[in-house]
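Engineer: Got a sequence here, can you model it:
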Amino acid sequence: MKDKFHTYIKTLQNTITAKLEKVDGKAKFREDVWERPEGGGGRSRVIENGAVFEKGGVNISAVHGELPQSMQTYFGVEDADFFACGLSLVLHPKSPMVPTVHANWRYFEMYDKRGNIVDQWFGGGQDLTPYYLFEEDAVHFHSVCKAACDKHHPEFYTLYKKRCDDYFWNEHRNEARGIGGLFFDYCKATDDTNLDDWYNFVSEVGNSFLNSYIPIVLKRENMHYTANQRDWQEIRRGRYVEFNLVHDKGTLFGLKTNGRIESVLMSLPPFVQWRYDHQAQAGSEEERLLEVLKTPKEWI
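Structural biologist: From the prediction side, this is the model:
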């Protein structure tokens, strides 16, 4: 399974980066192939200063070795080895009218010291972070997510949409990072579901990504925006950074397992603002977004 999924994410990375370069029309992805001293490595691709994408990354990795003590404590195991592979992407568009998007699809195995698999699971998801709220875009994104889920189980969308809303929540701000999407983790074989079923589901979601996001980009990329709207985008990006550095488990895992730091922190946008006690103007589009972020919404 680990070889099968690693092959899948390598192909998916090629598909996604080729499409994003075509949409941007100016910038190309820079590729870095790297090795992790403890075992494994990855292929990072970053795009910067494009016509559409100010910064973005589509990274894959497959790492293995002894599970660090801090992660053994987290998982409640002793003397464990691991293998983890996945694709992570974050895209920060130039225009505040185009939402930021994040996605991740991953597979994990844990072994005892004899090399026997003692646990294995899939995880992942995708979520949207707009700066200005266009409800039809939110409906489109969630509709694609639901269609992918419905092919595998009628309750998956409702379940994983709720988990996404719960996970991407900035507790210290008491607001959502964005308008959600899907989040699933620890998807393991059971009496009712085998690992191939989970592979089919996760790859279905991964394959749906471009259709969930690119139509929104094409619809919004040429809209006019003001300097004040750009300021608002950078202020909201600050909240994005706060979540990734304070709460995100993927960032924590990368740092705890000696991941490549440039790849782990690829998700951070290039221009961000933190203004003291910034308040949105009453009745403004900015305030409308904040109201939606206070309580997760059912979009479909």
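Engineer: hey, let's count contacts and neighbours off CA atoms from now on
Structural biologist: Fine.
Engineer: need the strands for the stretch 1-150 of the chain, in chain order.
Structural biologist: Assigned by DSSP state E, counting those that start in this stretch, the strands in the stretch 1-150 of the chain fall at 30-35, 40-48, 53-66, 81-93, 100-111, 117-129.
Engineer: The longest one packs against which elements?
Structural biologist: Spelled out, it's strand 53-66. Contact here means 3 or more C-alpha pairs under 8 Å, 6 or more residues apart in numbering; DSSP states H and E; on that basis strand 53-66 packs against helix 2-24, strand 40-48, strand 81-93.
Engineer: hey, which of these is tucked in deepest?
Structural biologist: strand 81-93 (a mean of 23; mean count of other C-alpha atoms under 10 Å).
Engineer: Quickly run through the sheet partners of that strand, with directions.
Structural biologist: strand 53-66 (antiparallel), strand 100-111 (antiparallel) (DSSP bridges).
Engineer: and the strands of the stretch 1-150 of the chain as TSV, adding mean pLDDT and distance to V205?
Structural biologist: Rendered in TSV, the data for those read as follows (pLDDT from 0 to 100; distance: least, C-alpha to C-alpha, whole Å):
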stretch	mean pLDDT	distance to V205
strand 30-35	95	25
strand 40-48	96	21
strand 53-66	95	16
strand 81-93	96	12
strand 100-111	96	9
strand 117-129	95	8
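Engineer: mind giving me a markdown table with these and columns for distance to D150?
Structural biologist: A markdown table is the format used below for these (distance: least, C-alpha to C-alpha, whole Å):
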| stretch | distance to D150 |
| --- | --- |
| strand 30-35 | 35 |
| strand 40-48 | 31 |
| strand 53-66 | 26 |
| strand 81-93 | 23 |
| strand 100-111 | 18 |
| strand 117-129 | 15 |
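Engineer: Could you say which one of the ones you listed comes nearest to S208?
Structural biologist: strand 117-129 (10.0 Å; C-alpha to C-alpha).
Engineer: Show me which positions of that closest one end up buried.
Structural biologist: By neighbour count with 16 or more other C-alpha atoms under 10 Å, strand 117-129 contains the buried residues Q120, W121, F122, G123, G124, G125, Q126, D127, L128, T129.
Engineer: For the last one, which non-adjacent residue is closest in space?
Structural biologist: Counting by C-alpha to C-alpha, 6 or more residues apart in numbering, the nearest residue to T129 once its immediate chain neighbours are dropped is G178, at 4.1 Å.
Engineer: Check whether the one you found really touches Y132, as I assumed.
Structural biologist: No. The criterion here is C-alpha atoms under 8 Å, and G178 misses it with Y132 at 10.6 Å.
Engineer: Settle it for me: which of these two has more neighbours?
Structural biologist: Neighbours were counted for G178 and for Y132 using other C-alpha atoms under 10 Å; G178 has more, 28 against 19.
Engineer: Same question for that one, what's its three-state structure.
Structural biologist: Under DSSP: H, G, I helix; E, B strand; the rest coil, G178 falls in the coil class.
Engineer: Could you pull out the buried residues of the helix ranked longest in the chain?
Structural biologist: What stands out as the longest helix in the chain, according to DSSP state H, is helix 195-220. Neighbour-count burial for helix 195-220, counted by 16+ other C-alpha under 10 Å, picks out 195, 198-199, 201-206, 209, 212-213, 216-217, 220.
Engineer: before we move on, the earlier item: contact partners for the residue nearest to T129?
Structural biologist: D127, L128, T129, P130, F168, L293 (C-alpha atoms under 8 Å, 6 or more residues apart in numbering).
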